[in-house]
Every structure is written in structure tokens, then in C-alpha cells.
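Trainee: just need the structure, nothing else, for what follows:
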Amino acid sequence: MAGQKSVDFEDFLPTMVEKLDGERLIGELCNGFHLLMGPNKKVITFESLKRNADLLGLQGLKDEELLSMLRESDLDGDGALNQMEFCILMFRLSHELMEESESLFGEALI
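Mentor: Residues are numbered from 1 along each chain as shown. Sure thing, here's the model as predicted:
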């Protein structure tokens, strides 16, 4: 697979926003949550986030950066991300891209 460009979540977000209504977009984000959650838990832990960081385009982040992301997004303080916390994190991570998409598509997307 040498020479193939890696595709990040951010690469698809403008297209997803354009093509999907809000409910379907949230559904797709929830599908992403299920891919990232731990095998025996219904939450995303540091270990599952680290193991699956490539799926989010986060392969370059250090452990401390992943921990910081997890801590900042952990609204209930249980040390893990539930589905709602994950969706909020995805919107936070994509906020800047959403603003860029707004100018590309000529309408408010956020």
C-alpha cells in the first residue's frame, strides 16, 4: 500500500455534513463510537482510544495528548467517554473544519 494517502475523519466531514441530515450525521458519529469503544466496555477508555487512534487520524498524538483529550471530554468524570461525550468531542475537533466548510458551501453548517 505504499504511495496511498491516508484518509482522516476530517477529510469526510464536509461531505458528511452536506449529504446527511443532522440525525443521520449523529448516527454516523455513533457508529464511530462503537468502533472505538473497548471490547468489554460500552465506553472509550484511554487504552481503546490509543489502540484505535489511527481510525480518527490521531496516530501522531502522544499518550499525554490522548489522555488530555480524554480528560477534557470526560464530562461525568468517570475516566472514559460515553457515546454522548464522544459525539461532543468529535464536534469540538471538527469545529474549525466546519467553519471552513461553511465558506465552501456558502451556508451556515454549525
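
Trainee: tell me how many other residues surround the residue nearest to Leu70 when sequence neighbours are not counted.
Mentor: Ranked by C-beta to C-beta, 6 or more residues apart in numbering and with sequence neighbours excluded, the top spatial neighbour of Leu70 is Phe46, at 5.6 Å. Heads up, the C-betas are built off the backbone N, CA and C, glycines and all. Neighbour count for Phe46, taken as other C-beta atoms under 10 Å: 17.

Trainee: wait, Phe46 sits on Leu66?
Mentor: Yes - in this structure Phe46 lies within contact range of Leu66 using C-beta atoms under 8 Å: 6.5 Å.

Trainee: what distance do you get for the residue nearest to Leu70 to Glu85?
Mentor: Distance, Phe46 to Glu85, by C-beta to C-beta, to the nearest Å: 14 Å.

Trainee: what number of residues lie near Leu58?
Mentor: 17.

Trainee: just checking, it touches Arg51?
Mentor: No - between Leu58 and Arg51 there is no contact under C-beta under 8 Å: 11.3 Å.

Trainee: low-confidence regions, this structure specifically.
Mentor: 1-22, 93-110 (pLDDT under 70).

Trainee: and with 50 instead?
Mentor: 1-10, 104, 107-110 (pLDDT under 50).

Trainee: what are the ranges of the helices in it?
Mentor: Assigned by DSSP state H, the chain shows helices spanning 9-19, 22-36, 46-51, 63-73, 83-105.

Trainee: CA atoms only: put the fourth one into CSV for me.
Mentor: C-alpha atoms of helix 63-73 as CSV (Å, rounded to 0.1, in the frame of the first residue of the first chain):
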residue,chain,number,x,y,z
ASP,A,63,0.0,9.4,25.2
GLU,A,64,-0.3,12.6,27.3
GLU,A,65,-2.2,14.4,24.4
LEU,A,66,-4.6,11.5,24.2
LEU,A,67,-5.0,11.5,28.0
SER,A,68,-5.6,15.2,27.9
MET,A,69,-8.2,14.8,25.2
LEU,A,70,-9.9,12.1,27.2
ARG,A,71,-9.9,14.2,30.4
GLU,A,72,-11.2,17.3,28.7
SER,A,73,-14.1,15.4,27.1
